[in-house]
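>>> From the sequence below, what's the structure:
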Amino acid sequence: MTSRAHAFDDIRLSPDHALNRVQRLALAVGVLGIGLCSAGAMTSPTQFFRSYLIAYLFWFGIALGSMAILMIHHIAGGAWGAVIRRLLECGTRTLPLLAVLFVPIALGVDHLYTWAQPEHVAHDAALLHKSAYLNVPFFLARAVLYFSAWLTVMHFLNRWSLEQDRTTDPGPGNWLEQLSRGGLLLIGLTVTFASIDWIMSLEPHWASTIYGILIMGGQVLAAMAFVIPLAALLAADGGPLANVIEIEQFHDLGKLLLAFVMLWTYFSLSQFLIIWSANLPEEIPWYLSRLRGGWQWIGIALILGHFVLPFIILLSRDVKRDARKLAAVAFGVIVIRFVDLFWLVTPAFHPAEFSVHWLDLACVVAVGGIWLWFFIWQLKGRSLVAIHDPSLPQAA
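All right, here's what the predicted structure looks like:
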């Protein structure tokens, strides 16, 4: 056991690893996407801000979901979390970049939200009633507050993780556990309010008390689906984590992916059943606009792709214990996560009929290219294994 633990010391990404090529490709694709988005922003600024919001929410969800899973690991422990811990930490360290990438949303508030358009508010009693909360200065101030909280938690999660690498003293591990207990509560509160501000207020006459939890469930699922293919790539034959991540850990990650798929389904079905059973005129229109005009086919695709298929496939023990097959399922979940966000956001702008614009693809490529380049750059800066994580010997 001692010799195996020694082999975990400071494992770095080699210069010839495939992720280096992925990083260069991501940067090139991101720059190309930015060029296309710039052209689209000049010809159709409102569509640009709408498409950018979806793309931003998708990549932001992976970063914040990584933070939530990381803190769950610090509290619960387990080899499953120890072997992907540095991938999750890298995900959290993209939050400063995402804070900068929030600027276009801040600049496009009046293009996105009717409550930010005085001509609409002046003739809408409901918007006038909500204007004490839904106004541009307060919206921006809350965004600053959210990012301040997330960046503070991110800073200490990564700082104390590095300190744990340098010592066998249990202190940093205990600090991480205590921070995570409060951090999860903080994440729950801030993500709930951010979900209301950034997504639910696109339709300010509609409200759902479970909406924040539904968004959080999607973020955690997206983060888990993102790190599984990465872990499989790093643990492939000749990879830097080939001697670290074993079949048992992939089996555990597969079981967690299945659990998060079921959790997202439970939240989604709960919201639908509550609104359907209440049958209130102010709540039903949200689903009506998403279940007609072509949007119903996206809804059916979500039922099949976001629940039925991954649920059936992940029931297989063999799939969960095969890194390549599990990575393929996880990649499919990532794709359907974007479809889900598209279905949540776009009908707010086009409730009558299905609509898709080339900027929807250009924006997700632009933001994703830059985000992935930054993620891999962060990944190369530290050891791929948290050296003194007490759960690591169990992984061996």
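
>>> What strand or helix carries V364?
helix 358-379 (DSSP states H and E).

>>> Could you export that helix as CSV, keeping only the C-alpha atoms?
C-alpha atoms of helix 358-379 as CSV (Å, rounded to 0.1, in the frame of the first residue of the first chain):
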residue,chain,number,x,y,z
TRP,A,358,-27.5,29.3,-36.1
LEU,A,359,-26.3,31.5,-33.2
ASP,A,360,-27.6,28.9,-30.7
LEU,A,361,-24.8,26.6,-32.0
ALA,A,362,-22.2,29.3,-32.6
CYS,A,363,-22.5,30.6,-29.0
VAL,A,364,-22.3,27.2,-27.3
VAL,A,365,-19.2,26.5,-29.4
ALA,A,366,-17.6,29.9,-28.7
VAL,A,367,-18.2,29.8,-24.9
GLY,A,368,-17.4,26.1,-24.8
GLY,A,369,-14.1,26.4,-26.7
ILE,A,370,-12.8,29.1,-24.5
TRP,A,371,-14.1,27.4,-21.3
LEU,A,372,-12.5,24.0,-22.3
TRP,A,373,-9.2,25.6,-23.2
PHE,A,374,-9.1,27.3,-19.8
PHE,A,375,-10.1,24.1,-18.0
ILE,A,376,-7.3,22.1,-19.5
TRP,A,377,-4.8,24.9,-18.8
GLN,A,378,-5.8,24.7,-15.2
LEU,A,379,-5.6,20.9,-15.3
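
>>> what packs against it?
Packing partners of helix 358-379 (3 or more Cβ pairs under 8 Å, 6 or more residues apart in numbering; DSSP states H and E): helix 18-43, helix 45-76, helix 79-92, helix 95-101. (Each C-beta comes from the backbone N, C-alpha and C, glycine too.)

>>> E246: which of those helices is closest?
helix 79-92 (8.4 Å; Cβ to Cβ).

>>> For that closest one, which outside residues touch it?
If you take Cβ atoms under 8 Å, 6 or more residues apart in numbering as the criterion, helix 79-92 is touched by 62-63, 65-67, 69-70, 72-74, 154, 157-158, 161, 223, 226-227, 230-231, 241, 244-245, 248-249, 252-253, 256, 375, 378-379, 382-386, 389, 391-392, 394-395.

>>> Could you identify the buried members of these?
In the contacts of helix 79-92, burial by neighbour count holds for 62-63, 65-67, 69-70, 72-74, 154, 157-158, 161, 223, 226-227, 230-231, 241, 244-245, 249, 252-253, 256, 375, 378-379, 382-386, 389, 391-392, 395, counting by 16 or more other Cβ atoms under 10 Å.

>>> hang on, the earlier thing: next, format the helices and strands packed on helix 358-379 as CSV and append distance to A352.
Shown next, in CSV, are the helices and strands packed on helix 358-379 (distance: least, Cβ to Cβ, whole Å):
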stretch, distance to A352
helix 18-43, 23
helix 45-76, 16
helix 79-92, 37
helix 95-101, 31
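
>>> and among those, the most buried is which?
Ranked by mean neighbour count under mean count of other Cβ atoms under 10 Å, the helices and strands packed on helix 358-379 are led by helix 79-92, which reaches a mean of 24.

>>> State the phi and psi torsions of G238.
phi 80, psi -10 (degrees, to the nearest 10).

>>> ok, it to V329 distance?
23 Å (Cβ to Cβ, to the nearest Å).

>>> before we move on, what about W295?
W295 sits 26 Å away from V329, going by Cβ to Cβ.

>>> what's the answer for G294, then?
For G294, the distance to V329 - Cβ to Cβ - is 28 Å.

>>> out of those two, which sits in the more crowded spot?
The neighbour comparison of G294 against V329 (other Cβ atoms under 10 Å) goes to V329, with 23 against 13.

>>> Just the CA coordinates for the helix or strand where the more buried one lies, please, in PDB.
In this structure, V329 sits in helix 323-345 according to DSSP H and E. Provided in PDB are the C-alpha atoms of helix 323-345 (Å, rounded to 0.1, in the frame of the first residue of the first chain):
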ATOM      1  CA  ALA A 323     -14.800   3.000 -18.900                       C
ATOM      2  CA  ARG A 324     -15.300   3.500 -22.600                       C
ATOM      3  CA  LYS A 325     -19.000   2.500 -22.600                       C
ATOM      4  CA  LEU A 326     -19.700   4.600 -19.500                       C
ATOM      5  CA  ALA A 327     -17.900   7.600 -21.100                       C
ATOM      6  CA  ALA A 328     -20.100   7.200 -24.200                       C
ATOM      7  CA  VAL A 329     -23.300   7.300 -22.000                       C
ATOM      8  CA  ALA A 330     -22.000  10.300 -20.100                       C
ATOM      9  CA  PHE A 331     -21.300  12.100 -23.300                       C
ATOM     10  CA  GLY A 332     -24.900  11.500 -24.400                       C
ATOM     11  CA  VAL A 333     -26.100  12.900 -21.100                       C
ATOM     12  CA  ILE A 334     -24.000  16.100 -21.700                       C
ATOM     13  CA  VAL A 335     -25.600  16.600 -25.100                       C
ATOM     14  CA  ILE A 336     -29.100  16.100 -23.700                       C
ATOM     15  CA  ARG A 337     -28.400  18.600 -20.900                       C
ATOM     16  CA  PHE A 338     -27.900  21.300 -23.500                       C
ATOM     17  CA  VAL A 339     -31.200  20.300 -25.100                       C
ATOM     18  CA  ASP A 340     -32.900  20.500 -21.800                       C
ATOM     19  CA  LEU A 341     -31.600  24.100 -21.200                       C
ATOM     20  CA  PHE A 342     -32.700  25.000 -24.800                       C
ATOM     21  CA  TRP A 343     -36.200  23.700 -24.000                       C
ATOM     22  CA  LEU A 344     -36.300  25.600 -20.700                       C
ATOM     23  CA  VAL A 345     -35.200  28.900 -22.200                       C
END
